[in-house]
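Novice: need coordinates for the following:
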Amino acid sequence: MTPAEKIDAKVRELSQSLQRLGDLAERQEARLAAYSGRERQQRGLERRGAPSSSPLEALHAVGNALRAIGVAVEGAQGTAAAPSEGSHGHTGTVPPGGQASAAAATSGDVVFNTSTPIWETVGHTAPRADREDWKKFLAALPSVEERERDAELDGRILRGHEIVVANLEQLKRVVRFLVSSTFTDTNEERNLFLGDVMPALQLLGRKLKLEVFMAEMRWGIRKEAGDQHLTAEICMRELARCLRESVGISYVFIAAQKYGFRPFPRLIPEKLFTELLEKMADKDRTLLEEWFKLDENALPGDDAGEEKKWEGPREFYGTAPGASGRFYVLQSQSKLKEGEDWWPLFERMQVSLRGAALTCFPYETSEEGLRDPANKHFAQRFVISVTEEEFKRG
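Specialist: Got it, this is the predicted structure:
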């Protein structure tokens, strides 16, 4: 494909992305226009783990297409400016800076593919790990003596005799922490933490003979997991891993302006689900019965087990230790018909379940009840956000 053809292809891609973005924005504005400010807050319209058809993703596609056009323009101009005898294949050799200057000349002196380091956006000229004050801080720290290896323990491990996991856990020198926040209003802060703070923390960890890991959930969720409504559970599982493995800090919370995405649980205890359905209108009940199916692989629980199982959000998966019983399970988005949008269905179920929970359990879901540390009722999870769930656990 020639450079000109590449440019044409990228222009078509950009045009399609812009059209898609406009359509999505128009639909979103029409939907949100129907809600008052109070209703928007109650419906928890900020979405954590935005769907693949979100306007944000369309904007990213536009940006990527623009950058690709810049690369293609540079390649085309470079080829035209290059001497034929210096060419390799179909591409000419361009003097240093030739591509950038050619691209700038054809784009109003705008040079593509340039970026500002994250630390420069906050007024620094070098990353934290390279700043003199940080180097002095590290140099002033006392050295940590390396612990001698236990030859006997090493031998037991190699021979397969060391099967006590607790003994092996004690040997870890790991700091693993989850960074928790609403995504859309803390994007710059999270980028700064990841790009500027983490390298410095890892240098500090090496000085202290520690491994330092940060759990970043913005990129850790596969589409398949999102379609199966596992996003929140994966976040809680990663937080549990940090709490279990870290010898130091295990949770960092960044507060901003938003409360966060409030999904309903993927698993709902059988008895509780039935009770909530009784408080719904017929059309809402029909929708919930269509999307939630009873998992009959478990035995029905007794009343004591049911009440214990309703304790949450301590146990995010819906079961307290020793509890028995069956659950209604939210079906995968693969169940959607062709052309059907998940999010209007989600919002209807979200509002219906939350309204039924508020009716059935007025204290447990009230502001006073949510602040009560003794209140661990499952019904909270129809009201609180994923971010608050992480905060309670972390």
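
Novice: residue 233 in helix, strand or coil?
Specialist: Recorded secondary structure, residue 233: helix (DSSP: H, G, I helix; E, B strand; the rest coil).

Novice: okay, now it: neighbour count?
Specialist: The number of residues packed near residue 233 is 18, by other Cβ atoms under 10 Å. In this view, the C-beta of every residue, glycine as well, is placed from N, C-alpha and C.

Novice: so how far is residue 392 from it?
Specialist: Counting by Cβ to Cβ, to the nearest Å, the gap from residue 233 to residue 392 is 15 Å.

Novice: the longest strand in this protein is where?
Specialist: strand 174-180 (DSSP state E).

Novice: now do the same end-to-end measure for stretch 225-235.
Specialist: This stretch, stretch 225-235, spans 11 Å end to end (Cα to Cα, to the nearest Å).

Novice: and if you look at stretch 176-185?
Specialist: Stretch 176-185: ends 24 Å apart by Cα to Cα.

Novice: contacts made by that stretch with the rest, please.
Specialist: With Cβ atoms under 8 Å, 6 or more residues apart in numbering as the test, stretch 176-185 has contacts from 46, 48, 56, 189-190, 193, 212-218, 235, 238-239, 241-242, 245-246, 249-261, 385, 387, 390-391, 394.

Novice: returning to that earlier point: can you list the strands that the longest strand of the chain pairs with?
Specialist: As defined by DSSP bridges, the strand partners of strand 174-180 come to strand 211-215 (parallel), strand 251-253 (parallel).

Novice: may I see the buried residues of that strand?
Specialist: Neighbour counts over strand 174-180 (16 or more other Cβ atoms under 10 Å) mark 175, 176, 177, 178, 179, 180 as buried.

Novice: poorly predicted segments of the stretch 101-250 of the chain, please.
Specialist: 101-114, 162-171 (pLDDT under 70).

Novice: please redo it, this time with the cut-off set to 50
Specialist: 101-114 (pLDDT under 50).

Novice: now the helices for it?
Specialist: 132-140, 151-158, 165-169, 187-192, 198-207, 223-227, 231-245 (DSSP state H, counting those that start in this stretch).

Novice: now those helices as CSV including distance to residue 118?
Specialist: Shown next, in CSV, are these (distance: least, Cβ to Cβ, whole Å):
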stretch, distance to residue 118
helix 132-140, 16
helix 151-158, 41
helix 165-169, 35
helix 187-192, 5
helix 198-207, 11
helix 223-227, 27
helix 231-245, 24
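
Novice: how about the ones you listed, which one is nearest residue 341?
Specialist: helix 223-227 (13.5 Å; Cβ to Cβ).

Novice: and that closest one, what's buried?
Specialist: 226, 227.

Novice: ok, now stretch 367-384?
Specialist: 369, 370, 375, 376, 377, 378, 379, 380, 381, 382, 383, 384.

Novice: which of those sits closest to residue 271?
Specialist: Using Cβ to Cβ, those come closest to residue 271 at residue 378, 10.5 Å.

Novice: touching, the closest one and residue 270? I think so.
Specialist: No: with contact defined as Cβ atoms under 8 Å, residue 378 and residue 270 do not form a contacting pair (12.0 Å).

Novice: of all the helices of the stretch 101-250 of the chain, which one is nearest residue 293?
Specialist: Of all the helices of the stretch 101-250 of the chain, helix 223-227 comes closest under Cβ to Cβ, at 15.9 Å.

Novice: so where do the strands sit in this structure?
Specialist: Using DSSP E, strands in the chain cover 174-180, 211-215, 251-253, 267-269, 292-295, 327-330.

Novice: distance to residue 123 added to these, as JSON lines?
Specialist: Listed next are the strands of the chain as JSON lines, based on distance: least, Cβ to Cβ, whole Å:
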{"stretch": "strand 174-180", "distance to residue 123": "22"}
{"stretch": "strand 211-215", "distance to residue 123": "23"}
{"stretch": "strand 251-253", "distance to residue 123": "23"}
{"stretch": "strand 267-269", "distance to residue 123": "47"}
{"stretch": "strand 292-295", "distance to residue 123": "52"}
{"stretch": "strand 327-330", "distance to residue 123": "47"}
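
Novice: residue 161: which of the ones you listed is closest?
Specialist: strand 174-180 (24.1 Å).

Novice: winner for burial among the strands paired with strand 174-180?
Specialist: strand 211-215 (a mean of 18; mean count of other Cβ atoms under 10 Å).

Novice: which residues sit against that one?
Specialist: With Cβ under 8 Å, 6+ apart as the criterion, strand 211-215 contacts 173-179, 193-194, 198, 201-202, 204-205, 238-239, 241-242.

Novice: can you dump the C-alpha atoms of that strand in CSV for me?
Specialist: Only the C-alpha atoms of strand 211-215 are listed here, as CSV (Å, rounded to 0.1, in the frame of the first residue of the first chain):
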residue,chain,number,x,y,z
GLU,A,211,9.5,-5.6,45.8
VAL,A,212,6.9,-2.9,45.2
PHE,A,213,3.8,-3.6,43.0
MET,A,214,0.9,-1.3,42.2
ALA,A,215,-2.5,-2.9,41.1
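
Novice: in helices only, show me the buried residues of stretch 367-384.
Specialist: 369, 370 (DSSP state H).

Novice: now pLDDT and distance to residue 362 too, for the buried residues of stretch 367-384, in CSV please.
Specialist: Below are these laid out as CSV (pLDDT from 0 to 100; distance: Cβ to Cβ, whole Å):
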residue, pLDDT, distance to residue 362
369, 90, 8
370, 89, 12
375, 83, 12
376, 81, 17
377, 87, 11
378, 87, 15
379, 90, 10
380, 90, 13
381, 90, 16
382, 94, 13
383, 93, 11
384, 93, 16
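
Novice: closest to residue 288 among the buried residues of stretch 367-384?
Specialist: Once Cβ to Cβ is applied, the member of these that ends up nearest residue 288 is residue 382, at 12.2 Å.

Novice: verify the contact between that closest one and residue 357 for me.
Specialist: Yes: Residue 382 is in contact with residue 357 according to Cβ under 8 Å; the separation is 4.0 Å.
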